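Engineer: need coordinates for the below:
(one chain, ligands or ions: 1)
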Amino acid sequence: MIKLEGVSKTYGAGPTAVHALKNIDLEVPKGAIHGVIGLSGAGKSTLIRCVNLLERPTEGHVIVDGQDLTQQDSEALRQSRHQLGMIFQHFNLLASRTVFDNVALPLELMGVSKGEIRERIRPLLDLTGLTDKATQYPAQLSGGQKQRVAIARALASRPKVLLCDEATSALDPQTTASILELLQDINRKLGLTILLITHEMEVVKSICHRVGLISDGELVEEADVGDFFTAPATRLGRDFLNAFLELEPPQALVERLEEAPGEHTHPVVRLAFSGANVATPLISRLARDSGVDVSILQAKVESIQGRTLGLMIAELIGTPETTSQALSQLESHDINVEVLGHVQRNA
Ligand SMILES: Nc1ncnc2c1ncn2[C@@H]1O[C@H](COP(=O)(O)OP(=O)(O)OP(=O)(O)O)[C@@H](O)[C@H]1O
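Structural biologist: Purely as a prediction, here's the structure:
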């Protein structure tokens with residue numbers, strides 16, 4: 001449904017030029033909820049604004065539902081934009097218009113008749129839980145209600161795609177959860193394809209099917225959400241995951257960690273188990289089979305997109321031979337093993 005081919009965006013020119021996007025390839029199938037996560041300044045807003053050509057890419061193609069928007073003239077682009085609803089962090093509602101009139105605005109601009117506007121907006125207010133707020137003004141609404149108005153307005157032109165630019169970043173956790181639930185509901189009921197950008201792993205975890213990680217204008221990894229949370233492929237992906245899970249080794253241990261193994265060290269590992277492995281008493285079997293003592297420092301279980309994910313930080317206490325055998329045994333059970341470092345025995 002959305003295809004970016006070799007999209008680059010450079011702001012300015014010469015020595016002060018900012019290369020905000022570098023050769024991005026991205027494909028979002030119809031009906032998917034696709035997240036793009038990254039740190040501040042990574043290029044997320046530029047990326048999503050390039051999809052509806054609010055920013056024109058310096059290079060590359062943006063193809064939505066088979067149409068190459070980068071090749072369209074301004075009239076064709078105006079028509080194509082009806083296929084692309086967008087919501088923003090700060091809602092962007094018109095303060096002087098009621099809820100109904102805010103939602104009606106895109107239809108008024110399209111020249112839809114008053115009667116048809118009324119007919120089309122009623123179900124949208126129902127869907128977004130705003131039926132009793134139709135005559136109120138934005139100032140009378142909570143942040144969550146304002147975002148619902150923005151969602152209803154974005155859906156008014158019956159788009160095929162909804163672009164969400166940090167749509168929950170200004171909301172508290174409970175309101176965030178209710179807006180994410182609404183987006184999921186819309187995705188299911190209307191088959192709407194959603195591309196969202198966020199800096200919050202919680203958003204990715206809650207509703208995305210796939211996720212891309214953007215860093216310094218480059219898409220550095222892309223995966224199904226369950227895989228990303230089990231085994232991110234990059235250092236940055238692991239940093240996002242660890243910060244989200246708050247599963248870091250205790251500080252006292254970090255201070256003792258050495259990068260390379262020594263003659264009298266044993267490894268400290270982070271283990272990520274998914275699916276059936278979580279319930280399997282692998283750790284006790286490991287201790288029995290390899291003779292390695294497993295000292296569990298931290299552990300937690302998360303449910304992500306219907307998959308159970310178990311995480312653990314542990315010291316493997318044994319000889320170099322037995323710990324190496326234990327690591328192989330873990331990996332052979334499809335457990336993602338990351339060696340965080342090595343600590344001196346008996347330290
Ligand atoms: N209009 C602009 N003119 C010049 N540089 C810009 C412009 N918009 C963005 N940039 C630069 O492009 C880079 C990417 O910015 P962008 O806003 O896309 O990142 P982001 O990941 O959305 O960050 P944040 O989460 O802080 O909004 C940054 O270095 C930013 O300073």
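Engineer: wait, isn't residue 171 in contact with residue 144?
Structural biologist: Yes - counting by CB atoms under 8 Å, residue 171 does reach residue 144; the two are 5.9 Å apart. In short, each C-beta sits where N, CA and C put it, glycine included.
Engineer: which neighbours do those two share?
Structural biologist: residue 179 (CB atoms under 8 Å, 6 or more residues apart in numbering).
Engineer: which residues of the chain lie near the ligand?
Structural biologist: 11-12, 18, 20, 38, 40-46, 199 (CB under 6 Å from any ligand atom).
Engineer: mind running it again at 5 Å?
Structural biologist: Neighbours of the ligand within the chain, by CB under 5 Å from any ligand atom: 11, 18, 20, 40, 41, 42, 43, 44, 45, 46.
Engineer: export these as JSON lines, with columns for pLDDT, secondary structure and neighbour count.
Structural biologist: Formatted as JSON lines, the residues of the chain next to the ligand follow (pLDDT from 0 to 100; DSSP: H, G, I helix; E, B strand; the rest coil; neighbours: other CB atoms under 10 Å):
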{"residue": "11", "pLDDT": "96", "secondary structure": "strand", "neighbour count": "13"}
{"residue": "18", "pLDDT": "95", "secondary structure": "strand", "neighbour count": "13"}
{"residue": "20", "pLDDT": "97", "secondary structure": "strand", "neighbour count": "22"}
{"residue": "40", "pLDDT": "94", "secondary structure": "coil", "neighbour count": "7"}
{"residue": "41", "pLDDT": "95", "secondary structure": "coil", "neighbour count": "13"}
{"residue": "42", "pLDDT": "96", "secondary structure": "coil", "neighbour count": "24"}
{"residue": "43", "pLDDT": "97", "secondary structure": "coil", "neighbour count": "25"}
{"residue": "44", "pLDDT": "96", "secondary structure": "helix", "neighbour count": "23"}
{"residue": "45", "pLDDT": "96", "secondary structure": "helix", "neighbour count": "19"}
{"residue": "46", "pLDDT": "97", "secondary structure": "helix", "neighbour count": "22"}
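Engineer: show me which pair in these is furthest apart.
Structural biologist: 11 and 40 (15.9 Å; CB to CB).
Engineer: lowest average confidence, helix or strand, in the chain?
Structural biologist: helix 282-290 (a mean of 80; mean pLDDT, DSSP states H and E).
Engineer: distance from that helix to the middle of the chain?
Structural biologist: How far helix 282-290 lies from its chain's middle: 36 Å, per CA atoms, centre = their mean, to the nearest Å.
Engineer: what do you get for stretch 63-83?
Structural biologist: 26 Å.
Engineer: check stretch 119-130 too.
Structural biologist: Distance, centroid of stretch 119-130 to centroid of chain: 27 Å (CA atoms, centre = their mean).
Engineer: buried ones in that stretch?
Structural biologist: 120, 121, 124, 125, 127, 128, 130 (16 or more other CB atoms under 10 Å).
Engineer: stretch 103-111 too?
Structural biologist: 103, 104, 106, 107.
Engineer: with distance to residue 31, secondary structure and pLDDT as new columns, can the residues you listed be given to me in JSON lines?
Structural biologist: JSON lines is the format used below for the buried residues of stretch 103-111 (distance: CB to CB, whole Å; DSSP: H, G, I helix; E, B strand; the rest coil; pLDDT from 0 to 100):
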{"residue": "103", "distance to residue 31": "24", "secondary structure": "helix", "pLDDT": "97"}
{"residue": "104", "distance to residue 31": "27", "secondary structure": "helix", "pLDDT": "96"}
{"residue": "106", "distance to residue 31": "23", "secondary structure": "helix", "pLDDT": "94"}
{"residue": "107", "distance to residue 31": "25", "secondary structure": "helix", "pLDDT": "95"}
